[in-house]
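>>> got a predicted model here, sequence first, then my questions.
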Amino acid sequence: MRSLWILLFCLFSLPALSGGEKVQEFMLDNGMKIIVKPDHRAPVVVSQVWYKVGSSYELPGTTGVSHVLEHMMFKGTKNVPPDEFSRIVAALGGSENAFTGVDYTAYFETLSKKHLERALELEADRMQNLLLDEKEFQREVAVVREERRLRTDDDPNGLLWEQFNAVAWRVSPYRNPVIGWMHDLEVMTLADLQQWYDQWYSPDNALLVVVGDVVPGEVLALAKKHFGPIPPRPRKAWRQRPEPPQKGPLRMTLRVPAEQPVLLMGYKVPAMVDAQDPAEIYALMVLNSILGDGDSSRLSASVVREQGLAVSASSSYDPFSRLSGLLEIEAIPAQEAGLDDLQAGLLAQIEKLKQEPVSARELQRVINRTLAARVFARDSMFYQAMLIGMRETNGYDWRSLEEELKHIRAVTPEQVQSVARKYLVEQGLTTARLEPVSKASTESVTDKPEKAAKGEKKS
Amino acid sequence: MKHILACLVMLLMAGQVAAMEVQSWQTKGGARVMYVHAPQLPMVNLRVMLDAGSARDGDLPGQARLLNELLLEGAGKWNADELASELESRGIEVSTHTGRDMAQITLRSLSDKNILTPALDMLAAMLASPRLEEEAIARVKERTLAALRQASQSAEDVADREMMKALYGDHPYAHDPLGTEKSLEKINRETLQVFHQRFYNQANAVVALVGDVDRTQAEILAEHVLAGLPVGEKAPPFPEPNPKKARALHKDFPASQTHLYLGMLGIHRKDPDYFPLIVGNHILGGSGLTSIMGEEVRNKRGLSYGISSYFSPLRVKGPWMLSAQTKNSQARTTLELMTALLRDFIDEGPTQKQLQAAKKHLAGGFPLRLSSNKKILQQISVMAFYDLPPDWLDTWSSRVEQVTRAQIRRAFRRRMPMKHLLQVSVGGGK
């Protein structure tokens, strides 16, 4: 619960969600956007409230504040006592949670359609009435520090990804982890949270996405009733901190107690937002799919199966992030293969993309997979809402989802080759290696057969 | 003879009735099929499950999973590259998973005949005639060794394994499906072929199917997928695991947190105490932050990020585990708190208020469990594999509603006595 989903770095080639009933879009007078997609297969509804704020909005010294605030959003308002939010939704037979990413913070409820209004009422309440209490904050930020230990500090792969991003980006806020640096979590104050809440939580910075067994007009009426009275809040424009051009390859090595080496590579590539030519972005999406998405991709077929250099190798690229990002490759070497051999094998595949046009068959595979994925996406109400929410919150129109296939069909082998030559260059490459050091401590098992720990009576 | 059963699950909400019909029959070879017609989306989700999980490994831990993974690495007329390419070029998704009880292979495809027919041809070949080429075996072993290394660098995985070993001793559930470095060495093409011949047959298989195919098509389709498998013989039942005496194990691990596990033997799929124990556990630690554990350990004290308990019902008694993780200096306090809360719950059971809240959550949330084809597939897969009655989903909510405080208290006292409580901690320092 109160989970952290670092989605930006693992999403790629999102399928569109056309088909089914039409998506409808509304705007309240206070600037809050409402998007509704009816899906009548089950008497259930998914409601998601998205805020345009996440770790990429944060400043040095208070990293992680978006995510801690997400946790605190369950800790009570003028009308709802701490932790009661979850109990209310549970009593309605619903489930709720929230997630923070680099570019967004989102809150959701999944429940029977007859309870949609209660979910909207609760969300509207905590959009404006959050009570930030010092004691609740101290406990919750301790929980977040435990979360950081679990996901990052004690997880060699988590640590590797964190360091990789910090090395790849000098200035871009994508250098900071969503969960925040440990020291920032240790010195964070209630005032930091209050300021963050006041700055970003208002209807004009929020989006409501509802997918399920609903009538769009009725959702609009409920949204008007509950979110309509909340006043918008003018805010200063977020100040860009663009990444200066990279002038040569960057490398890092992580040596921690671990067993399994890992290799990460990332090339600086544009996102749709800063694309000189949108066609380049679709060419990069196709390139990514051919290179490293799936069991029949080149990395799997060549580097894993033919050459035996890796037990797994894949790539990912999310062109619909708010700021430009990376095309990433993650590979786990086979035992006999060194990281140098593996890296050479991966670079050879990059080189091949530059030297030879991809085949018509490979292009067709991307199109067919995208087609099928569009249908599969419609099986999950939650996922459909996610796709819309991410696009909109990152600054893109949700209709871009529906146009994706058309653009992917138009990509030519020459375009793929051209973006490979332009962007997959050493100048923009960051490489990170996990080189395990053996665990110093003993692994002896101490057996105390007498009794389990004596428990205290709960207070 | 064809045994036909059909059952209607009614989703009664706000005056609207959405009915979902679960149909069941047997293939000519004797495999049970469970099917739901879902014509709304042009797709099919299909799962074949075999009583060929890691508990069938015998003296070669890891072989059930290795074989299951090898289904994707070449079968019939397709080698590994061709299989991957033929599937993905049609947007077909196939994945495998091996648990203690079952080895499963799951397919998702568009229902367009030009796509679904080759999809099922390939699935049938994967089940009946995996190639088991030496190169592929070596490759999957390599991948498994990497997974073992990744698991050994995770305190959570280490703790989980130690708990299963402690709970099950020499029972076939004790070892991890991945196997060990040593056992993997001993597995080869011949042992895998023997395992395949023994357990991959129709008597040992069940099929679950949801999608845009009508009943007649579904019957043909299920026959087709299993056609290459011999009729064969059902695998024998497992022995009942014996409860162990309470003890505490600690393993040093270079980490900033200690992972804490409490465990006991839990329930099997047709357990008479199934509902009281499941509802009770929901209150104790199964409902996230609204559970007793979530409330006391995390909300009130901020000791752990993840805190939960769960039963994994299996063919014979599966594990019950309660786990949390906290910085090393708080490990003892946290473990003592968890133990005390558990003891109190076993002694006293839930309050009426807690029980009411749990029922509202579980019964009220039932439609959420069937809100996508993927979720429906999951539900009917369990029903098919464990031979649950066809009205299982129909009666589920009312059986939850019928559970009383006294039943929960009695079930926990009888089935979960503290004298069998095992404790595993992994962590402690750099």
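In hand now; what should we look at?
>>> sketch out the low-pLDDT regions of chain A for me.
Within chain A, the set of residues satisfying pLDDT under 70 comprises A:1-20, A:440-459.
>>> mind giving me the domain ranges of it?
Domain assignment for chain A, taken from automatic domain parsing, gives A:3-227, A:250-434.
>>> kindly reformat those as a markdown table containing mean neighbour count and distance to B:Lys141.
All C-beta atoms are positioned from the backbone trio N, CA, C, and that covers glycine. What follows is these, written out as a markdown table (neighbours: other Cβ atoms under 10 Å in any protein chain shown; distance: least, Cβ to Cβ, whole Å):
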| stretch | mean neighbour count | distance to B:Lys141 |
| --- | --- | --- |
| domain A:3-227 | 20 | 22 |
| domain A:250-434 | 20 | 10 |
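>>> those domains into CSV, with extra columns for distance to chain B?
Shown next, in CSV, are the domains of chain A (distance: least, Cβ to the nearest Cβ, whole Å):
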stretch, distance to chain B
domain A:3-227, 2
domain A:250-434, 3
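>>> show me what from the stretch 101-250 of chain B comes close to chain A.
Residues of the stretch 101-250 of chain B that fall close to chain A, judged by Cβ under 8 Å from any Cβ of the partner chain: B:108-110, B:115, B:139, B:142-143, B:145-146, B:149-150, B:152-155, B:162, B:245-250.
>>> among these, which ones are buried?
For those, a burial check counting by 16 or more other Cβ atoms under 10 Å in any protein chain shown picks out B:108-110, B:115, B:139, B:142-143, B:145-146, B:149-150, B:152-155, B:162, B:246-250.
>>> now, those that are in helices?
With helices taken from DSSP state H, the overlap with those comprises B:Ile115, B:Arg139, B:Glu142, B:Arg143, B:Leu145, B:Ala146, B:Arg149, B:Gln150, B:Ser152, B:Ala155, B:Glu162.
>>> wait, doesn't the fifth one sit right on B:Leu184?
Spelled out, it's B:Leu145. Yes: between B:Leu145 and B:Leu184 there is a contact under Cβ atoms under 8 Å: 6.8 Å.
>>> which segments of chain B make up each domain?
Domain segmentation of chain B under automatic domain parsing yields B:5-226, B:247-429.
>>> what about the longest one, average pLDDT?
Per-residue pLDDT values across domain B:5-226 average out to 94.
>>> what does stretch B:384-398 give?
Stretch B:384-398 shows an average pLDDT of 95 in the prediction.
>>> ok, now stretch B:337-351?
Stretch B:337-351 shows a mean pLDDT of 98 in the predicted model.
>>> sorry, back to before: can you redo the domains of chain B as CSV with distance to A:Met390?
CSV is the format used below for the domains of chain B (distance: least, Cβ to Cβ, whole Å):
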stretch, distance to A:Met390
domain B:5-226, 22
domain B:247-429, 19
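>>> residue of the stretch 1-150 of chain B closest to chain A, please.
Closest to chain A within the stretch 1-150 of chain B is B:Gly91: 2.5 Å, counting by Cβ to the nearest Cβ.
>>> what's the closest non-adjacent residue to that residue?
The shortest distance from B:Gly91 to any non-neighbouring residue, by Cβ to Cβ, 6 or more residues apart in numbering or on different chains, is to A:Ala372 (2.5 Å).
>>> any idea which element the one you found lies in?
Assigned by DSSP states H and E, A:Ala372 belongs to helix A:360-377.
>>> for the chain, which segments count as strands?
Reading this off chain A. Using DSSP state E, the strands found in chain A span residues A:3-4, A:24-27, A:33-38, A:44-51, A:95-100, A:105-112, A:206-212, A:250-254, A:262-269, A:310-317, A:325-333, A:429-434, A:445-448.
>>> please go with chain B instead
Going by DSSP E, chain B shows strands at B:5-13, B:16-26, B:32-37, B:43-50, B:74-75, B:78-79, B:93-98, B:103-110, B:205-211, B:247-254, B:257-265, B:307-311, B:319-327, B:422-429.
>>> packing partners of the fifth one?
So that's strand B:74-75. Counting contacts by 3 or more Cβ pairs under 8 Å, 6 or more residues apart in numbering or on different chains; DSSP states H and E, strand B:74-75 packs against helix B:80-88, helix B:113-128.
>>> starting at the chain centroid, how far to that strand?
Distance of strand B:74-75 from its chain centroid, counting by Cα atoms, centre = their mean, to the nearest Å, is 26 Å.
>>> check the fourth one too.
Between the mean C-alpha point of strand B:43-50 and the mean C-alpha point of its chain there is a distance of 15 Å (Cα atoms, centre = their mean).
>>> and it, C-alpha only, in CSV?
Only the C-alpha atoms of strand B:43-50 are listed here, as CSV (Å, rounded to 0.1, in the frame of the first residue of the first chain):
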residue,chain,number,x,y,z
MET,B,43,-9.5,-12.3,-27.5
VAL,B,44,-9.0,-15.6,-25.7
ASN,B,45,-7.2,-16.4,-22.4
LEU,B,46,-6.4,-20.0,-21.9
ARG,B,47,-4.4,-21.9,-19.3
VAL,B,48,-3.4,-25.5,-19.1
MET,B,49,-2.4,-26.7,-15.7
LEU,B,50,-0.6,-30.0,-14.9
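>>> quick one: that strand to strand B:93-98, angle?
Angle between the axes of strand B:43-50 and strand B:93-98 is 30 degrees (criterion: axes from the mean of the first three to the mean of the last three Cα atoms, to 10 degrees).
>>> same deal with the last one?
When the same axes, to 10 degrees is applied, the directions of strand B:422-429 and strand B:93-98 differ by 110 degrees.
>>> list the buried residues in strand B:422-429.
Residues of strand B:422-429 classed as buried under the neighbour-count rule (16+ other Cβ under 10 Å) are B:Leu422, B:Gln423, B:Val424, B:Ser425, B:Val426, B:Gly427, B:Gly428.
>>> would you confirm that the fifth one contacts B:Arg161?
No: in this structure, B:Val426 is not within contact of B:Arg161 by Cβ under 8 Å, at 9.5 Å.
>>> kindly export stretch B:276-285 (C-alpha atoms) in PDB.
Extracted as PDB, the C-alpha positions of stretch B:276-285 are listed here (Å, rounded to 0.1, in the frame of the first residue of the first chain):
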ATOM      1  CA  PRO B 276     -13.200 -19.000   9.100                       C
ATOM      2  CA  LEU B 277      -9.400 -19.000   8.600                       C
ATOM      3  CA  ILE B 278      -9.500 -16.900   5.500                       C
ATOM      4  CA  VAL B 279     -11.800 -14.300   7.000                       C
ATOM      5  CA  GLY B 280      -9.900 -14.400  10.200                       C
ATOM      6  CA  ASN B 281      -6.600 -13.900   8.500                       C
ATOM      7  CA  HIS B 282      -8.100 -11.000   6.500                       C
ATOM      8  CA  ILE B 283      -8.700  -9.300   9.800                       C
ATOM      9  CA  LEU B 284      -5.400 -10.300  11.300                       C
ATOM     10  CA  GLY B 285      -3.000  -9.300   8.500                       C
END
